[in-house]
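Novice: Predicted model, plus sequence, below.
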Amino acid sequence: MKIATFNINGINGRLDNLLDWLATAQPDIVCLQELKAPQDAFPQEAIASAGYAASWVGQKSWNGVAILSRIGEPVVTRRSLPGDPADAQARYIEAAVAGILVASIYAPNGNPQPGAKFAYKLAWLERLRKHATALRRHGVPIVLAGDYNVAPTDLDIYPTSSWNDDALIHPESRAAYRRLVGRSWLDALRHLHPRGRVYTFWHYKRMRWQRDAGLRLDHLLLNRELADRLVEAGVDREVRGREGASDHAPVWVRLRKI
């Protein structure tokens, strides 16, 4: 089974890129982020024609998350992250798919920091940690996949000092990510590439793609019930280099069948 996460950065504007990648990579389950489309503008027919059922939470102009599956309809269990009823940002969707609980996550960017956006980011990550802990108690296989907007260590960003004041690498952001992962979740890509500079995001500015000046912001976290099934993990880097590409590349894991 192949599970992927992909910040598409505008699903309708990059639909051809997404469909090409789906046809080539053939993931079984896909978590999408940053749809940048209201609920009724999601391209459901095109996704269905590619062989995928879909569940999503849209939002006009920004945010938006989805779960696609070609191995069964996603049975939605949650359309928002608990802990703040006033939070209307479309950043979380959770569904049961083929015996696995799957969450598609788009964590806040947090810039500029300090400020209200950074405080929201830290509070959101703490809410995610609490919810992830509650999910683990069910004892079912779980994957938390998405754009966490955190480069966890210096190995997860190209050698530079130009991002030192950025919320993506701020010590408090990194500490929040470490608390989330703890001892109970496996960062699949880092686990299988423990010393590699593996990036998933390259900013459009300053030739960062061409210079391979990237960051690792997109993560798939597996709980203990799923970690033993991990076989392979990687990044489809070439997708980032296509015309009209998202600034993120798809990240994926391959799991052994039970």
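Specialist: Okay, I see it. Numbers count the residues shown, from 1 in each chain.
Novice: CA only for contacts and neighbour counts going forward, please
Specialist: OK.
Novice: Give me the three-state assignment for Asn63.
Specialist: coil (DSSP: H, G, I helix; E, B strand; the rest coil).
Novice: Go through the helix or strand hosting Tyr177 and flag the buried ones.
Specialist: Here Tyr177 sits within helix 171-181, counting by DSSP states H and E. Applying a neighbour-count criterion of 16 or more other C-alpha atoms under 10 Å, one finds 173-177, 180-181 buried in helix 171-181.
Novice: With stretch 146-153 instead?
Specialist: 146-152.
Novice: mind listing the helices for the stretch 51-200 of the chain?
Specialist: 116-136, 171-181, 188-192 (DSSP state H, counting those that start in this stretch).
Novice: Redo those helices as CSV? Include mean pLDDT.
Specialist: As requested, the helices of the stretch 51-200 of the chain are exported to CSV (pLDDT from 0 to 100):
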stretch, mean pLDDT
helix 116-136, 98
helix 171-181, 98
helix 188-192, 98
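Novice: Dump those into TSV; add distance to Met207 as well.
Specialist: As requested, the helices of the stretch 51-200 of the chain are exported to TSV (distance: least, C-alpha to C-alpha, whole Å):
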stretch	distance to Met207
helix 116-136	27
helix 171-181	26
helix 188-192	25
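Novice: returning to that earlier point: who are the packing partners of the helix holding Tyr177?
Specialist: helix 116-136 (3 or more C-alpha pairs under 8 Å, 6 or more residues apart in numbering; DSSP states H and E).
Novice: what's the angle between the helix it packs on and helix 171-181?
Specialist: 10 degrees (axes from the mean of the first three to the mean of the last three C-alpha atoms, to 10 degrees).
Novice: what separates helix 116-136 from the chain centre, distance-wise?
Specialist: Relative to its parent chain, helix 116-136 has a centroid offset of 15 Å by C-alpha atoms, centre = their mean, to the nearest Å.
Novice: And the contacts of it?
Specialist: Applying C-alpha atoms under 8 Å, 6 or more residues apart in numbering, the contact partners of helix 116-136 are 81-83, 107-112, 142, 167, 172-173, 176-177, 179-180, 223.
Novice: mind checking which of the helices of the stretch 51-200 of the chain is nearest Leu230?
Specialist: Taking C-alpha to C-alpha, helix 188-192 is the member of the helices of the stretch 51-200 of the chain nearest to Leu230, at 7.6 Å.
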